[in-house]
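K.L.:
Structure for this input, please:
(one chain, ligands or ions: 1)
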Amino acid sequence: MTILLCGGGLDSMTILAFSHSDPSWGGEVSQRLKVPKIDSVLWVDYGQAASKYEKASVQWGCLRYGKKEMLTSSVTLDIKVMGNSPKMFGLDKNFKQGVNKQDFYVRNRNLMLCTLAIMYSDEIIIGAHAEPKSGAYPDAKISFFRGLEKSLNTLLRKPVRIHTPLQNLDSYDILDLASRRDPELVSNTHSCCVGIKGGCHQCGKCKMRDAHLGFQFR
Ligand SMILES: [Zn+2]
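P.N.:
Now for the predicted structure:
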């Protein structure tokens, strides 16, 4: 069974849209992406401020791309009790006064998500890509996932596969692919860390998204 880790953002939602499960979604582009067949979609509620909108996006994607029955798993954690990234969890009422990239960094989040997904399956898909800015987050790098895969193979003594089909693309490529795949896809994804519908236009995710979509920063 292959599980897609989907947070409702552009990257994982694009993978969902290009799944091979339906032959009509194939074609040259998705062949080039090498998106494996997706058997299940996993969304994790770890107390993030944007959980409501993330979940709505994932549900939209599952319905839109014929995977309604595949949203079989959602996990609820409460990481905010650890005081990790207060703005990310909507705990900082002074948000509007300043935005710092580190305010939205959940330490080792991808490591946590992969570990959860591997509880369900030895084959998972994650929307990591070749965005240079991801270098700021150690567990967002492609090299991190290759290293994790190798370690799990050794330590668990069985083949574990972490697919990263977007690894050769940057955000502009992914936006282009998503727009061509489905004109309604991009507007139905949710990227804002703060949890504001349509975006806060201040957090790192919003700034990146706005830049790609040609908006002016506010
Ligand atoms: Zn935002």
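K.L.:
CA only for contacts and neighbour counts going forward, please
P.N.:
Fine.
K.L.:
C-terminal to the helix or strand of the chain with the lowest mean pLDDT, what's the next element?
P.N.:
When the helices and strands of the chain are scored by mean pLDDT, DSSP states H and E, helix 27-33 comes last with a mean of 61. Remark: after helix 27-33, the chain's next helix or strand is strand 40-45, criterion DSSP states H and E.
K.L.:
dump the residue contacts of the residue of the chain found nearest the ion.
P.N.:
At 3.5 Å from the ion, residue 192 is the closest residue in the chain, using CA to the ion. The contact partners of residue 192, taken as CA atoms under 8 Å, 6 or more residues apart in numbering, are 50, 198-201, 203, 205-206.
K.L.:
So among those, which ones count as buried?
P.N.:
50, 199-201, 203, 205-206 (16 or more other CA atoms under 10 Å).
K.L.:
Closest to residue 137 out of those?
P.N.:
Nearest to residue 137 among the buried ones among the contacts of residue 192 is residue 205, at 13.3 Å by CA to CA.
K.L.:
host element of the closest one?
P.N.:
With DSSP H and E as the test, residue 205 turns up in helix 204-213.
K.L.:
surely residue 185 meets residue 178?
P.N.:
Yes: contact criterion CA atoms under 8 Å: residue 185 and residue 178 qualify, at 6.4 Å.
K.L.:
picking that back up, against residue 208, how distant is the residue of the chain closest to the ion?
P.N.:
Shown here: residue 192 relative to residue 208, a distance of 10 Å by CA to CA, to the nearest Å.
K.L.:
list the residues that contact both of residue 185 and residue 178?
P.N.:
With CA under 8 Å, 6+ apart, residue 185 and residue 178 have common neighbours residue 14.
K.L.:
Same list, the contacts of residue 192, but only the ones touching the ion.
P.N.:
199-200, 203, 206 (CA under 5 Å from the ion).
K.L.:
Model confidence for the closest residue to residue 159 other than its chain neighbours, exactly?
P.N.:
Closest residue to residue 159 apart from its sequence neighbours, by CA to CA, 6 or more residues apart in numbering: residue 153 at 5.2 Å. Per-residue pLDDT puts residue 153 at 95.
K.L.:
buried sites along the helix or strand harbouring residue 153?
P.N.:
Residue 153 is located in helix 142-156, with elements delineated by DSSP H and E. Across helix 142-156, burial judged by 16+ other CA under 10 Å covers 142, 144-145, 148-149, 152.
K.L.:
which helices and strands does it pack with?
P.N.:
On a contact count with 3 or more CA pairs under 8 Å, 6 or more residues apart in numbering; DSSP states H and E, helix 142-156 meets strand 161-163.
K.L.:
one step back: out of the ones next to the ion among the contacts of residue 192, which two sit at the greatest distance?
P.N.:
Maximum pairwise distance among the ones next to the ion among the contacts of residue 192 (CA to CA): 8.6 Å, between 199 and 203.
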